[in-house]
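S.K.: Quick one: sequence plus predicted model below, questions after.
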Amino acid sequence: MIEGFTALYIFMLAGFVGYEVIGRVPVILHTPLMSGSNFVHGIVLVGAMVALGHAETDMERMIGFIGVMLGAGNAVGGYVVTERMLEMFKSSKEKRQ
Amino acid sequence: MIELSYFAAAVLFILGLKRMSSPVTARGGIVWAGAGMVVATLVTFFHPGLSNFGLMILAMLIGGGAAWYTGKKVAMTDMPQMIAIYNGMGGGAAASIAAVELLKGHFDTGTFQTLAVAGALIGSVAFSGSMIAFAKLQGLIKRSILFPQQQLINLAIFAATLVFGLILIFSEAPAGFAIFMFFMLALLFGILMTLPIGGADMPVVISLYNALTGLAVAFEGFVLGNAAMIIAGTVVGAAGTLLTQLMAKAMNRPLTNVLFSGFGAQGGEAMEAVEGSMKEVGPMDAAAMMAYASKVVIVPGYGLAVAQAQHKVWEFVQLLEEKGVEVKFAIHPVAGRMPGHMNVLLAEAGVPYDKIYDLEEINNEFPQADVVLVIGANDVVNPAARNDPNSPIYGMPILNADKARNVIVVKRGKGTGFSGIENALFFLDNTRMLYGDGQAVASQLIAEVKQL
């Protein structure tokens, strides 16, 4: 378990990383980047798997099942659309090859 | 081993996002982040004490499969609503984790219980709100739904949600009824909060929900003691917040305005009447003007994408370049349905990104341009944003197309734009109107240039 101030430090540092990573991004990448960060929080799938894995009653299993389904949708969908968008970004030099 | 893999995944996510913030490395970025996701998912199967593997795999196949299929199939113009729906799913997943944990009801400390409830609230709002955002952009809900005392009612529902949230936080083992009420109210609040927001503001809202989902994921990560979720969620929460602010600024719409007032709902004073008349031009003359120019700037708008004219326009531009004309694309930050959307649409047609310029980069070049070709754009080139304090779009940064020597505006008809505002640019002496569907006009221009 990650507790107390360790948790708070992780939270703060990760927050700064997020802010800095996006800091100087050109407008042309706003949409792909939003989609990319949308993919990254698809990691929720991992948590949903753990929740479903620990489920004991039928109610818990049902909600866990929905959670995993939604999480998988987030991760896979986020990846596919981001990849499709970024695939199209090429400079004139690459086009001529 | 599991912790090590989660650590690797977190590193890959951050490096991936970093690479995605530059056009040169962006394509590699998503692959890195994807690798991190695969590692984290696979290793989770070996998490100690898990069962229900059959259900787990079935759920992954259904959710992942459906998302894969829709993600591959969706048209580039519909990208914003797809992002909304995938994002909402993430919020829903975070809320589900919280629901399971609350039903189990044995938290180590009160802090974790509070975080679980907070994550559930944010995740639920992001889920139902994103679904409404999707429905609006997809055209399933046609207009902003406004009713009297709306903000008061929303506030009341929010307050009720908080009350049930507090009950959940302070009860030893939360009752099923309280959990149910809490989630229903949170979902309802997400719906009601999003309904009155207009379509033009939707991208900002989607970005906001994206940041919120990140935060919800981080909170549930604390509850489960999962470092990968904490780090990835927090990074997205912070990055998403910044991105939301950048978008709101690009649209000159403070976030509070987006969330708490319907666009155009307020009466407003009379705008300055636009004087002069619109002058028409045919495709032949327009083509000649551009073919013999030395510098042409093209201002594409969402109308271009609706008409699916990107490919034709790019073909036309290549013909101009063969004749030695310097051609640049000028993109307004909010062209398309969300910032950067227009760049994606042009990229789809094969326009290299080094021919595409941002507002700040190109605005000083308009006076040197012989011809500016405006296709499917309206409000983003309306000089009223600069000179008329009574205009609803006053203060919005615009592309200074009116400063060019000649302006050609391709337009379907004589109506006003997305916001319903008359455009003074169309009445200038150096402006010529070229009426017709974007794609048809582009084809005519290609034919005319070939004959020159």
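M.R.: That came through, no problem.
S.K.: Okay, now the unreliable bits of chain B?
M.R.: B:199, B:261-276, B:414-421 (pLDDT under 70).
S.K.: repeat for chain A
M.R.: A:1-3, A:90-97.
S.K.: Now do the closest residue to chain A within the stretch 351-452 of chain B against residue B:203, distance only.
M.R.: Of all residues in the stretch 351-452 of chain B, the one sitting closest to chain A is residue B:352 (3.8 Å; C-beta to the nearest C-beta). Quick note: C-beta positions are derived from backbone N, CA and C, even for glycine. Look at residue B:352 and residue B:203: by C-beta to C-beta, to the nearest Å, they are 25 Å apart.
S.K.: And these two? Which one has more around it.
M.R.: Between residue B:352 and residue B:203, residue B:203 has the larger neighbour count (other C-beta atoms under 10 Å in any protein chain shown), namely 30 against 18.
S.K.: residues contacting the closest residue to that one other than its chain neighbours?
M.R.: Of all residues not flanking residue B:203 in the chain, residue B:338 sits nearest, at 3.2 Å (C-beta to C-beta, 6 or more residues apart in numbering or on different chains). For residue B:338, the contacting residues are A:30-31, A:34, B:80, B:202-203, B:206-207, B:247, by C-beta atoms under 8 Å, 6 or more residues apart in numbering or on different chains.
S.K.: next one: residue A:50
M.R.: Per C-beta under 8 Å, 6+ apart, neighbours of residue A:50: B:44, B:47, B:50, B:97, B:224, B:226.
S.K.: Report the buried members of the residues you listed.
M.R.: B:44, B:50, B:97, B:224, B:226 (16 or more other C-beta atoms under 10 Å in any protein chain shown).
S.K.: list the contacts for the first one?
M.R.: What it means is residue B:44. Residue B:44 neighbours (C-beta under 8 Å, 6+ apart): A:46, A:49-50, B:2.
S.K.: ditto for the last one
M.R.: Under the criterion of C-beta under 8 Å, 6+ apart, the neighbours of residue B:226 are A:46-47, A:50, B:6.
S.K.: neighbours around the closest residue to residue A:87 other than its chain neighbours, how many?
M.R.: Distances taken as C-beta to C-beta, 6+ apart place residue B:27 nearest to residue A:87, at 6.4 Å, with adjacent residues excluded. When neighbours are counted by other C-beta under 10 Å, residue B:27 registers 19.
S.K.: Kindly report the same for residue B:357.
M.R.: 18.
S.K.: Quick one: check the strand or helix carrying it for contact with chain A.
M.R.: Using DSSP states H and E, residue B:357 maps to strand B:356-358. Yes - interface with chain A: strand B:356-358 contributes B:356, B:358 (C-beta under 8 Å from any C-beta of the partner chain).
S.K.: who does that strand pair up with?
M.R.: The partner list of strand B:356-358 in its sheet, established with DSSP bridges, is strand B:326-331 (parallel).
S.K.: can I get the CA coordinates of the strand it pairs with in PDB?
M.R.: Output in PDB follows, covering the C-alpha atoms of strand B:326-331 (Å, rounded to 0.1, in the frame of the first residue of the first chain):
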ATOM      1  CA  GLU B 326       3.800  29.900 -52.800                       C
ATOM      2  CA  VAL B 327       0.900  28.400 -50.900                       C
ATOM      3  CA  LYS B 328       0.300  28.200 -47.100                       C
ATOM      4  CA  PHE B 329      -2.500  26.900 -45.000                       C
ATOM      5  CA  ALA B 330      -3.600  29.200 -42.100                       C
ATOM      6  CA  ILE B 331      -5.400  27.400 -39.300                       C
END
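S.K.: picking that back up, how about the residue nearest to residue B:203, secondary structure?
M.R.: Here residue B:338 is recorded as coil under DSSP: H, G, I helix; E, B strand; the rest coil.
S.K.: Please report how far it lies from residue B:314.
M.R.: 22 Å.
S.K.: what's near enough to touch residue 28?
M.R.: Defaulting to chain A. Taking C-beta under 8 Å, 6+ apart, we find residue A:28 in contact with B:23, B:331, B:340, B:343, B:353, B:356, B:358.
S.K.: Let me rephrase: I mean chain B.
M.R.: Taking C-beta under 8 Å, 6+ apart as the definition, contacts of residue B:28 comprise residue B:19.
S.K.: Try it again at 10 Å.
M.R.: A:86, B:15-16, B:19-20 (C-beta atoms under 10 Å, 6 or more residues apart in numbering or on different chains).
S.K.: roughly how far out does the helix or strand harbouring it sit from the chain middle?
M.R.: Using DSSP H and E, residue B:28 falls within helix B:26-44. With C-alpha atoms, centre = their mean, to the nearest Å as the basis, helix B:26-44 stands 23 Å off its chain's centre.
S.K.: what packs against the helix or strand just after that helix?
M.R.: For helix B:26-44, the succeeding helix or strand toward the C-terminus, using DSSP H and E, is helix B:53-73. In terms of contacts (3 or more C-beta pairs under 10 Å, 6 or more residues apart in numbering or on different chains; DSSP states H and E), helix B:53-73 is packed against helix A:44-53, helix A:58-87, helix B:26-44, helix B:79-104.
S.K.: hang on, the earlier thing: out of the buried ones among the contacts of residue A:50, which is nearest to chain A?
M.R.: Once C-beta to the nearest C-beta is applied, the member of these that ends up nearest chain A is residue B:50, at 3.0 Å.
S.K.: In three-state terms, label residue A:55 for me.
M.R.: Counting by three-state DSSP, the backbone at residue A:55 sits in coil.
S.K.: follow-up on the earlier one: tabulate the contacts of residue B:226 (a markdown table), appending distance to residue B:386.
M.R.: Formatted as a markdown table, these follow (distance: C-beta to C-beta, whole Å):
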| residue | distance to residue B:386 |
| --- | --- |
| A:46 | 50 |
| A:47 | 49 |
| A:50 | 55 |
| B:6 | 52 |
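S.K.: List the buried residues for the helix or strand following the strand holding residue B:357?
M.R.: Toward the C-terminus, strand B:356-358 is succeeded by helix B:359-362 as the next helix or strand (DSSP H and E). By neighbour count on 16+ other C-beta under 10 Å, the buried set for helix B:359-362 is B:359, B:362.
S.K.: Can you tell me which of the contacts of residue B:44 is closest to residue B:216?
M.R.: residue A:46 (14.2 Å; C-beta to C-beta).
S.K.: OK, contacts around the closest one?
M.R.: Each residue near residue A:46 by C-beta under 10 Å, 6+ apart is listed here: A:68, A:71, A:75, B:6, B:9, B:37, B:40-41, B:43-44, B:47, B:93, B:97, B:217, B:221, B:224, B:226, B:228-229, B:232.
S.K.: Can you tell me which of the residues you listed are buried?
M.R.: The neighbour-count criterion (16+ other C-beta under 10 Å) marks A:68, A:71, A:75, B:6, B:9, B:37, B:40-41, B:43-44, B:93, B:97, B:217, B:221, B:224, B:226, B:228-229, B:232 among the contacts of residue A:46 as buried.
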